[in-house]
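Novice: Pasting a predicted model and its sequence here:
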2 protein chains.
Amino acid sequence: MSFDRLIRNIIEKQNPTVAGLDPKLDYIPDYIREEAFGKYGKTLEGAAAAILQFNKDLIDALCDIVPAIKPQAAYYEMYGWQGVKTLTETIAYAKEKGMFVITDGKRNDIGTTMQAYAAAHIGKTDIDGETAEAFGADALTVNAYLGTDGIKPLLEICRNDDKGIFALVKTSNPSSGELQDRNLDDGQTVYRTMGDMCEKWGSEAMGEEGYSSVGAVVGATYPRQLLELRATLPHTFFLVPGYGAQGGGAADVAPAFDEKGRGAIINSSRGIICAWKKEGCAPEDHAQAARREAIRMRDEIISYIGEIK
Amino acid sequence: MSFDRLIRNIIEKQNPTVAGLDPKLDYIPDYIREEAFGKYGKTLEGAAAAILQFNKDLIDALCDIVPAIKPQAAYYEMYGWQGVKTLTETIAYAKEKGMFVITDGKRNDIGTTMQAYAAAHIGKTDIDGETAEAFGADALTVNAYLGTDGIKPLLEICRNDDKGIFALVKTSNPSSGELQDRNLDDGQTVYRTMGDMCEKWGSEAMGEEGYSSVGAVVGATYPRQLLELRATLPHTFFLVPGYGAQGGGAADVAPAFDEKGRGAIINSSRGIICAWKKEGCAPEDHAQAARREAIRMRDEIISYIGEIK
């Protein structure tokens, strides 16, 4: 239940990282784009086909060493329903290859509407008695600005269907403090208050590996807050963006982990999927460049936190 | 620019309401479902086909009296990419019929990712030099928990492409107060602080009709806060959910409007699209029942606020 599957996958691979699949067209080698545009033209369909090929190459090259992928929904919606179809196919492909899939959608709403998002992304959809999986991810990022009404509908799916959510707590961007760092009248910050809500919601959906199904997004760019939140939220698993391109390093993310090396998964998107550009290797070698970067990142983080037990 | 087109459409129709298209399968008459399932089976594709037909019926029956629709993304994502395709087709159909389209997606992210959402929902997508519209709505609801970094990428599209956004300020649900009603250390509530940010962001994208391109979502279920926010946010246009099924009435939403009867649009979803069930009319008459309810709602609100000038 909950993030148990993810934690076990991390321990098995000794790799607490997730590859962010944020496939902008610019990131994709020409030869893949040209093949897709040759078939479908420079259309949404063509873009969606190029992205799918790029993602499959990456998944093939990463699946034995990286425990999870995190597709960012925005980069698929950008290419219309055709792009969203590619998201569906990417999720299915990664699961086939044994990867844990976190859809980064930052979804939020209330009541029956949140139920619909929950069914869509991590649950099942009822169609007049028949059941279908719309997207079928293992976990979903959510925004809890609306409070408990926006989280409750997800907890049941987390419990019954072995799924998880990550609520935004302290995001990695420079302006995250405008609201999140403000003190409430009890002297506690907004992000800390949100973190405490995660811990509370999670108490209704605890796993066997020490963490609940309600995780938190905490940015690598704020190591002090990572340390504070790790200490105060003992059952909340962290998804940590902001490593690499956004400026966070291995030393910055080390405080996200508990004494067993558990408790967090570090995301890298551009760092991994654009490694071929940075490396300057042959475009046909793009997925192996991603693999080399994923190994470098894994080894760097493990050198700070030691064996994951 | 901004919400000028929406405001003019509201004045022309003397109707400050928007029909929320949240088409759960349960809401759709049997004869429509059966036709779709007969063609495609009880599949995501079948559900998507039923929803599209239902929506088209509603748009045909409402387009001359209701200025806008607000499709809720969750109810389309629930039916997979096939449902998302129906969202695209619904938006296109409503625009053809002259309606203003607000996609209720409550999207949120930062930097290039928010640019991708902006391009997806209200902007244009570049495909190696060719331009395509992914969804093509006129406005998008957003969640600004991440601060200015999540809003900036939208402002340029609002200015250049005549589009708008609505940021969540005070939502209509019972638990909205858990975070939104808390006082910050300067004595101001979180929702008021968020409202002030909308006013500030909007100053970079003012329209000609008195309101900026940055609107706010403020629930009908909190009339005192509506009154407070209307007084303090003079250039922020309000999208007001919570009328009808959630318990808000015309008296509750009246404070959302300025002295000219402008400044807000009131949403009804289930109230309108499920009117045929409540009325108990023939299923084939569902769209006309929606029209009758839309007229009743319009007349009720206008009786409180008078002519919109």
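Specialist: Now that the structure is in, tell me what you want to look at.

Novice: Quick check: A:E259 vs B:K260, distance?
Specialist: Distance from A:E259 to B:K260, counting by CB to CB, to the nearest Å: 63 Å. Bear in mind the C-beta positions are built from the backbone N, C-alpha and C, glycine included.

Novice: The two: who's more crowded?
Specialist: Higher neighbour count among A:E259 and B:K260: B:K260, with 15 against 9, using other CB atoms under 10 Å in any protein chain shown.

Novice: That one belongs to a helix, doesn't it?
Specialist: No - counting by DSSP: H, G, I helix; E, B strand; the rest coil, B:K260 is not part of a helix but coil.

Novice: That one: what's it in contact with?
Specialist: If you count contacts by CB atoms under 8 Å, 6 or more residues apart in numbering or on different chains, B:K260 has them with B:308-309.

Novice: how about a cut-off of 6 Å?
Specialist: B:K309 (CB atoms under 6 Å, 6 or more residues apart in numbering or on different chains).

Novice: Relative to B:I308, how far out is it?
Specialist: 7 Å.

Novice: how about the helices of chain A, start to end?
Specialist: A:4-13, A:30-40, A:44-62, A:74-77, A:80-96, A:111-121, A:152-161, A:177-180, A:190-202, A:223-232, A:250-253, A:270-273, A:275-279, A:286-305 (DSSP state H).

Novice: and the last one, which residues are buried?
Specialist: By that I understand helix A:286-305. Buried residues in helix A:286-305, counted by 16 or more other CB atoms under 10 Å in any protein chain shown: A:286-294, A:297-298, A:300-302, A:305.

Novice: could you give the angle of that helix to helix A:4-13?
Specialist: Interaxial angle of helix A:286-305 relative to helix A:4-13 (axes from the mean of the first three to the mean of the last three CA atoms, to 10 degrees): 90 degrees.

Novice: Ok, the second one next?
Specialist: Relative orientation of helix A:30-40 and helix A:4-13, computed by the same axes, to 10 degrees: 140 degrees.

Novice: wait, does helix A:30-40 contact chain B?
Specialist: No - interface with chain B: helix A:30-40 contributes nothing (CB under 6 Å from any CB of the partner chain), its closest point being 6.7 Å away.

Novice: Other residues contacting that helix?
Specialist: By CB under 6 Å, 6+ apart, helix A:30-40 touches A:46, A:49-50, A:53-54, A:283.

Novice: What residues sit buried inside it?
Specialist: So, applying 16+ other CB under 10 Å, buried residues of helix A:30-40: A:32-33, A:36-37, A:40.

Novice: okay if I get those as CSV plus distance to A:D126?
Specialist: Conversion of the buried residues of helix A:30-40 to CSV gives the following (distance: CB to CB, whole Å):
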residue, distance to A:D126
A:I32, 38
A:R33, 39
A:A36, 35
A:F37, 39
A:Y40, 33
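
Novice: can I get the residues you listed in a markdown table with distance to B:Q180 and pLDDT?
Specialist: As requested, the buried residues of helix A:30-40 are exported to a markdown table (distance: CB to CB, whole Å; pLDDT from 0 to 100):
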| residue | distance to B:Q180 | pLDDT |
| --- | --- | --- |
| A:I32 | 45 | 98 |
| A:R33 | 44 | 98 |
| A:A36 | 45 | 98 |
| A:F37 | 46 | 98 |
| A:Y40 | 45 | 98 |
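
Novice: What parts of the stretch 151-300 of chain A come near chain B?
Specialist: A:168, A:171, A:173, A:175-176, A:178-179, A:182-185.

Novice: Just the buried residues out of those residues, in ChimeraX syntax.
Specialist: Buried residues within those, by 16+ other CB under 10 Å, are selected in ChimeraX with:
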select /A:168,171,173,175,176,178,179,182,184
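
Novice: Farthest-apart pair in the residues of the stretch 151-300 of chain A next to chain B, please.
Specialist: A:N173 and A:D185 (25.5 Å; CB to CB).

Novice: Perfect, I'm done here.
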